[in-house]
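# below: sequence and its predicted model.
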Amino acid sequence: MSNPFVQAFFLGRAVAEVINERLEVAITDALSDLGKFDAEAREQMRQFTQEVIERSNRAAEAAGQGTSTADSSSSDAVDLQATIDELRAEIALLRNELQRYRSSSV
């Protein structure tokens with residue numbers, strides 16, 4: 001193997017193989033992280049949806065019981081406003097997460 005051209009060929013081939021392997025590992029890791037993030041985002045969305053439905057059902061049950069006093073209706077209005085505020089905060093948080101996800105996937 002004293003021929004420099006043959007030695008250069010094998011050296012170039014080895015470099016290409018190492019670069020190919022490292023690139024493959026990097027792409028696999030990136031896709032794995034993306035899949036993990038996607039799964040976590042879907043799980044958070046599922047939990048958010050489930051919590052919204054549970055709160056909606058509780059509010060519907062509370063409204064269905066029907067209270068006739070003014071004090072109870074004012075406390076329901078305060079609870080309803082608190083629920084609306086919490087939902088708005090969660091929606092804003094979700095929008096930020098979605099925007100961050102979209103900007104990282106581009």
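Looks like it came in fine.

# is Ser2 in a helix, a strand, or coil?
Secondary structure, DSSP: H, G, I helix; E, B strand; the rest coil: Ser2 is coil.

# what number of residues lie near it?
5 (other C-beta atoms under 10 Å). Just so you know, the C-beta spots here come from the backbone N, C-alpha and C atoms, and that holds for glycine as well.

# quick check: it vs Arg13, distance?
18 Å (C-beta to C-beta, to the nearest Å).

# and what of Val6?
For Val6 relative to Arg13 (C-beta to C-beta), the value is 11 Å.

# also Ile19?
For Ile19, the distance to Arg13 - C-beta to C-beta - is 11 Å.

# look up phi and psi at Asn3.
For Asn3, the backbone dihedrals (degrees, to the nearest 10) come out as phi -70, psi 120.

# same question, Thr83
Per degrees, to the nearest 10, the backbone of Thr83 is at phi -60, psi -40.

# would you map the helices across the protein?
4-65, 70-105 (DSSP state H).

# those helices: lowest mean pLDDT?
Across these, helix 70-105 has the smallest mean pLDDT, namely a mean of 79.

# what angle sits between that helix and helix 4-65?
170 degrees (axes from the mean of the first three to the mean of the last three C-alpha atoms, to 10 degrees).

# tell me the centre residue of this protein?
By C-alpha atoms, centre = their mean, the chain has its centre lying nearest to Ala41, at 2.2 Å.

# gap between the spatially closest residue to that residue that is not a sequence neighbour and Arg58?
Leaving aside its sequence neighbours, Ala41 sits nearest to Tyr101 (C-beta to C-beta, 6 or more residues apart in numbering; 5.9 Å). Using C-beta to C-beta, Tyr101 is found at 30 Å from Arg58.

# the more surrounded of those two?
Applying other C-beta under 10 Å to Tyr101 and Arg58 shows that Tyr101 carries more neighbours, namely 15 against 12.
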